[in-house]
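> Output the structure for:
(2 chains)
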2 protein chains.
Amino acid sequence: MPLPTFQDVQRAAVLLTGIAHNTPIHTSRQLNEISRATVFLKCENFQRVGAFKFRGAYNAVAHLQSDKPVIALSSGNHAQGIALASQLLGKDAHIVMPEPINPVKRAAVQGYGGIVHIPGNPQEAESFSQDLARDVQGEWIEAFNDPHVIAGQGTAALELLGQVNDLDVLLGPIGGGGLLSGTCLATHGVNPKIQVYACEPAGALDAMYSVKENRIVPQDNPQTIAEGLRTSVGTLTLPILREHLAGFFVVEEQEIGKAMRFIYERMKLIIEPASAVAVAPLLRQEPDLQNKRVGVIISGGNVDLSQYFNRLQGKPQ
Amino acid sequence: MPLPTFQDVQRAAVLLTGIAHNTPIHTSRQLNEISRATVFLKCENFQRVGAFKFRGAYNAVAHLQSDKPVIALSSGNHAQGIALASQLLGKDAHIVMPEPINPVKRAAVQGYGGIVHIPGNPQEAESFSQDLARDVQGEWIEAFNDPHVIAGQGTAALELLGQVNDLDVLLGPIGGGGLLSGTCLATHGVNPKIQVYACEPAGALDAMYSVKENRIVPQDNPQTIAEGLRTSVGTLTLPILREHLAGFFVVEEQEIGKAMRFIYERMKLIIEPASAVAVAPLLRQEPDLQNKRVGVIISGGNVDLSQYFNRLQGKPQ
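Below is the predicted model of the structure:
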């Protein structure tokens, strides 16, 4: 499969115009003071489905040549992205959701018309999905190792670069690398001098080793609350990351919750743990970020606040 | 004391330029579908201190003629607003915070350089504050019954009317009426045809009766989670409300939590209970709002999510 290019990101941006939200930039004097940088948060938490994943999902579904149903394997934001994109494009979507399933996300997928399948055994989700793809004659869309998905994710950075001038650095969280490889293509298509850093939890450090060793280091036993970042990189994302990344920032678990709390208390934004991984290097004043203009892709805002709302509404918790 | 006018709101807007945030408008297809209206949320949750209260507080502190310290009585957003405004304007601020005090709000007040005083007995907060005002030779700024505070609060609606064309209706929550009376002045200064409705919890329905009976009906025993809405209206806000309001929407307690949850799940915005009171009439499809272009002042986003973050960070709850 050919690697996606900057032109693919530009085409995706045209396709998404009027469909994806042009998400806002949020800034904070207090964040700037603490980080000793000038920080611009690209708020994909306000994207449709609450995460950047809608961009890549829509671009991929729109590029399917047939009328066959779409199949995706995800309990997270990719599931919602594919369900909504398929609904908008008039296609059936079968979403295989392995346990543990967040009931809010399941309801959201169904609300977008997605048909939810739950494999009996989480270990068999992959083979279950393949059987399903055969049964329903569906077309599979991978969560990140797909050129159209990568190109779509890159449109967030492209938009950011149109909203904020003279960025020195761009930060984003890394799991499979779909967001980061798209971000690399978009950023260096606009300005090759901007440094793109990947931010990765110490408890799921496969991407950094994959880039160093130029092979896909498997993610066997990830230990992080950033559920979106527990996957390994793919055959398409790895070469793009190797070519473009300026480096990695490794983030400890305790920094993730701290960054989420800071961003809510000071900026009133609820960001998911993966996004907090990209904020944490700023809060600890990484030397390479000081006195720089830093863009951060806030990947999403889907966190489970149901205990809070249940308590507020007097419901059993 | 003379009532504030539209011109006072315009002057406040000039004074606040570059100091208060020009807060964004958020919209949602799903909110529009459910409400059968076209809804524009004016997101004062993204204002400095996380609430519209900064606007009125800054305008009032800036209008003080002397160098005396400022005194305010508030455990809520007014406290933070006065503390930050005083810091920016180089004045000392003494904030009397009656129990129960949210530790996050107390820390925020102190972070803005405010000197926090806690009366031993909550019932004596008023006389405690008066003694303090005498002791420190301070100037008192009331939370809502102050012409500069009212004018400052009106700048949120003025800004909204510059951001969104052709609004038919404006909604806001009502407690003491500072936000709503300022909103009335701003809105009818721009376009007298726009209808301004006050949204009030059924468990704290004094403002509606005050307007009907043209007297300040005291708020003896308010029963609502919308803590910002538990006060009675004042001598300045009542006549403005009587002249301008199109009417009231009364909101039940269970609608408040439901609206907060909806706005988080669909729009990823954390709004305080008072703001949810102004969203609830839309969710129940009030006939007077259907097929209208409706602006809603989202008053703030300061809610206590510390249990959520403590759990996330593995801290005692």
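> Regarding stretch A:157-170, how distant is the last residue from the first?
8 Å (C-alpha to C-alpha, to the nearest Å).
> what's downstream of the helix or strand containing A:L180, the next helix or strand?
Element membership for A:L180, per DSSP states H and E: helix A:178-190. Sequence-wise, the next helix or strand downstream of helix A:178-190 (DSSP H and E) is strand A:195-201.
> Show me the contact partners of that next one.
If you take C-beta atoms under 8 Å, 6 or more residues apart in numbering or on different chains as the criterion, strand A:195-201 is touched by A:168-174, A:177, A:180, A:183-184, A:187-188, A:207-208, A:211, A:222, A:224, A:226, A:229, A:241, A:244-253, A:256, A:277-278, A:280-281, A:288. Where you see a C-beta, it was placed from the backbone N, CA and C, and this is true even at glycine.
> Could you pick out the buried ones from those residues?
Neighbour counting by 16 or more other C-beta atoms under 10 Å in any protein chain shown classes A:168-174, A:177, A:180, A:183-184, A:187-188, A:207-208, A:211, A:222, A:224, A:226, A:229, A:241, A:244-245, A:248-251, A:253, A:256, A:277-278, A:280-281 among those as buried.
> Near chain B, which residues of the stretch 51-200 of chain A are found?
A:V104 (C-beta under 8 Å from any C-beta of the partner chain).
> try 10 Å
A:A51, A:V104, A:A107, A:A108, A:G111 (C-beta under 10 Å from any C-beta of the partner chain).
> Sitting in helices, which of these do you find?
A:V104, A:A107, A:A108, A:G111 (DSSP state H).
> hmm, back to that, keep only those of the contacts of strand A:195-201 that are in strands.
Within the contacts of strand A:195-201, residues falling in strands by DSSP state E are A:V169, A:L170, A:L171, A:G172, A:P173, A:G247, A:F248, A:F249, A:V250, A:V251.
> Surely the fifth one and A:E227 touch.
No: taking C-beta atoms under 10 Å as the contact criterion, A:P173 and A:E227 are not neighbours in contact, 11.3 Å apart.
> Give me the number of neighbouring residues for the residue nearest to A:F309 when sequence neighbours are not counted.
Excluding the flanking residues, the one nearest A:F309 by C-beta to C-beta, 6 or more residues apart in numbering or on different chains is B:R261, at 4.4 Å. B:R261: 19 surrounding residues under other C-beta atoms under 10 Å in any protein chain shown.
> can you check A:Q65 too?
A:Q65: 6 surrounding residues under other C-beta under 10 Å.
> Can you tell me how far it is from B:A79?
Noted for A:Q65: a distance of 61 Å to B:A79, by C-beta to C-beta, to the nearest Å.
> before we move on, the earlier item: okay, the ones in helices among the residues of the stretch 51-200 of chain A next to chain B in CSV with pLDDT, distance to B:H117 and neighbour count next?
Formatted as CSV, these follow (pLDDT from 0 to 100; distance: C-beta to C-beta, whole Å; neighbours: other C-beta atoms under 10 Å in any protein chain shown):
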residue, pLDDT, distance to B:H117, neighbour count
A:V104, 82, 43, 16
A:A107, 91, 47, 12
A:A108, 91, 47, 21
A:G111, 94, 50, 14
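> Between those, which sits nearest chain B?
The closest of these to chain B turns out to be A:V104 (C-beta to the nearest C-beta; 6.4 Å).
> Could you report the pLDDT at A:Q317?
Listed pLDDT for A:Q317 reads 60.
> nope, A:A125 is what I was after
We note a pLDDT of 85 for A:A125 in this prediction.
> what's the answer for the one 5 residues further on, then?
In this prediction, A:Q130 carries a pLDDT score of 87.
> which ones are touching it?
A:I71, A:L73, A:V96, A:W140 (C-beta atoms under 10 Å, 6 or more residues apart in numbering or on different chains).
> Three-state assignment for it, please.
Taking DSSP: H, G, I helix; E, B strand; the rest coil as the rule, one finds A:Q130 in the helix state.
> For A:P69, see how far away it is.
Counting by C-beta to C-beta - A:Q130 and A:P69 are separated by 15 Å.
> mean confidence for stretch A:220-228?
90.
> Could you do stretch A:32-41 as well?
Averaged over stretch A:32-41, pLDDT sits at 98.
> Can it be said to contact chain B?
No: Stretch A:32-41 stays clear of chain B (C-beta under 10 Å from any C-beta), getting no nearer than 11.4 Å.
> Tell me if I'm right that A:V49 and A:Q87 touch.
No: applying C-beta under 10 Å, one finds A:V49 not in contact with A:Q87, separated by 11.0 Å.
> between those two, who's got more neighbours?
A:V49 (26 against 16).
> Tell me which residues touch the more buried one, please.
Under the criterion of C-beta under 10 Å, 6+ apart, the neighbours of A:V49 are A:55, A:57-58, A:77-85, A:105, A:108-109, A:112, A:300, A:302.
> mind redoing it with 7 Å?
With contact set as C-beta atoms under 7 Å, 6 or more residues apart in numbering or on different chains, A:V49 has these partners: A:N77, A:Q80, A:G81, A:L84.
> Could you identify the buried members of those residues?
A:N77, A:Q80, A:G81, A:L84.
> Just the CA atoms of stretch A:25-39, as CSV, please.
The C-alpha coordinates for stretch A:25-39 follow below in CSV (Å, rounded to 0.1, in the frame of the first residue of the first chain):
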residue,chain,number,x,y,z
ILE,A,25,-7.9,27.0,19.6
HIS,A,26,-7.8,27.6,23.3
THR,A,27,-5.1,29.4,25.1
SER,A,28,-4.3,30.1,28.8
ARG,A,29,-2.1,32.7,30.4
GLN,A,30,-1.5,30.3,33.3
LEU,A,31,-0.5,27.4,31.0
ASN,A,32,1.9,29.8,29.3
GLU,A,33,3.4,30.9,32.6
ILE,A,34,3.9,27.4,33.9
SER,A,35,5.3,26.0,30.7
ARG,A,36,7.4,29.0,29.9
ALA,A,37,6.1,28.6,26.3
THR,A,38,3.3,30.0,24.2
VAL,A,39,0.8,27.2,23.9
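> ok, A:L15 touching A:A60?
No: A:L15 is not in contact with A:A60 according to C-beta atoms under 7 Å; the separation is 10.6 Å.
> The two: which is more packed in?
Set A:L15 next to A:A60 and count neighbours by other C-beta under 10 Å: A:A60 wins out with 26 against 19.
> Any idea how many residues pack against the nearest residue to A:F46 once chain neighbours are set aside?
Nearest residue to A:F46, sequence neighbours excluded (C-beta to C-beta, 6+ apart): A:T23, at 4.9 Å. With neighbours defined by other C-beta under 10 Å, the count for A:T23 comes to 22.
> Which residues are in contact with A:T23?
Counting by C-beta under 7 Å, 6+ apart, A:T23 has contacts A:K42, A:C43, A:E44, A:F46, A:Q47.
> who wins for neighbours among the residues you listed?
Going by other C-beta under 10 Å, A:E44 tops the contacts of A:T23 with 33 neighbours.
> Quick one: the helices in chain A, in order.
A:6-16, A:29-35, A:53-62, A:77-88, A:103-111, A:125-136, A:147-163, A:178-190, A:206-213, A:237-244, A:253-267, A:273-283, A:306-312.
> Mind listing what's buried along the second one?
By 16+ other C-beta under 10 Å, the buried positions in helix A:29-35 come out as A:L31, A:I34, A:S35.
> Tell me who's in contact with the nearest residue in space to the second one that is not next to it in sequence.
Sequence neighbours aside, A:L283 is the residue nearest to A:I34 in space, at 6.1 Å (criterion: C-beta to C-beta, 6+ apart). Listed by C-beta under 7 Å, 6+ apart, the contact set of A:L283 reads A:I34, A:S35, A:A259, A:F262.
> Can you give me the separation between A:L283 and A:G257?
12 Å.
> about what we covered before: export the contacts of A:V49 as JSON lines, with columns for pLDDT.
Formatted as JSON lines, the contacts of A:V49 follow (pLDDT from 0 to 100):
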{"residue": "A:N77", "pLDDT": "93"}
{"residue": "A:Q80", "pLDDT": "96"}
{"residue": "A:G81", "pLDDT": "98"}
{"residue": "A:L84", "pLDDT": "98"}
